[in-house]
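In: test case, fold it:
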Amino acid sequence: MRVAAQALGIRAEQAAAAYLTGRGLHILAANLRVGRCEIDLLAREREVVVVVEVRTRGPGALVRALDSIDVRKQRRLRFAAQRLWRDRFARDRSVERLRFDCVSVTFDGATGDARVEHVRAAF
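Out: Numbering: from 1, shown residues only. Down below sits the predicted model:
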């Protein structure tokens, strides 16, 4: 079961990356480790660095994918982003700020097509 969940997560991240790229964002990294936290996607939109949390849920899930990003997860992502900013972007004059986006990916059971919901500046 764990392998199936990991495969679904990888498909969701790939669908999210393709969606964001199609909307003009440039993907800088995927599954970026920052300390003990992992940033699903790191992207850039002009002068903004975007930390993207990608979520997906199966058809029987009790909680929507976007609703599963709780305060604890937001806190961990903020901490990782602060560290990333300090170590990588603070001295880069082409970067003005950082933003946190969330992406929910739902796969159609019959066709396997991905439906992507993108929330800019989610928290």
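In: buried stuff in the strand ranked longest in the chain?
Out: Longest strand of the chain, by residue count under DSSP state E: strand 97-107. Of all the residues in strand 97-107, those buried under the rule 16 or more other CB atoms under 10 Å are L98, R99, F100, D101, C102, V103, S104, V105, T106, F107. All C-beta atoms are positioned from the backbone trio N, CA, C, and that covers glycine.
In: return the longest helix along the chain as PDB; C-alpha atoms alone will do.
Out: Longest helix in the chain, counting residues (DSSP state H): helix 2-22. In PDB, the C-alpha atoms belonging to helix 2-22 read as follows (Å, rounded to 0.1, in the frame of the first residue of the first chain):
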ATOM      1  CA  ARG A   2       2.900   2.400   0.800                       C
ATOM      2  CA  VAL A   3       4.400   1.900  -2.700                       C
ATOM      3  CA  ALA A   4       1.000   2.800  -4.300                       C
ATOM      4  CA  ALA A   5       0.700   5.900  -2.200                       C
ATOM      5  CA  GLN A   6       4.200   7.000  -3.100                       C
ATOM      6  CA  ALA A   7       3.500   6.400  -6.800                       C
ATOM      7  CA  LEU A   8       0.400   8.500  -6.500                       C
ATOM      8  CA  GLY A   9       2.300  11.200  -4.800                       C
ATOM      9  CA  ILE A  10       4.900  11.300  -7.600                       C
ATOM     10  CA  ARG A  11       2.200  11.400 -10.300                       C
ATOM     11  CA  ALA A  12       0.600  14.300  -8.400                       C
ATOM     12  CA  GLU A  13       3.800  16.200  -8.100                       C
ATOM     13  CA  GLN A  14       4.500  15.700 -11.900                       C
ATOM     14  CA  ALA A  15       1.000  16.900 -12.700                       C
ATOM     15  CA  ALA A  16       1.400  19.900 -10.500                       C
ATOM     16  CA  ALA A  17       4.800  20.800 -12.000                       C
ATOM     17  CA  ALA A  18       3.300  20.500 -15.600                       C
ATOM     18  CA  TYR A  19       0.400  22.700 -14.600                       C
ATOM     19  CA  LEU A  20       2.600  25.400 -13.000                       C
ATOM     20  CA  THR A  21       5.000  25.300 -15.900                       C
ATOM     21  CA  GLY A  22       2.100  25.800 -18.300                       C
END
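In: perfect, that will be all.
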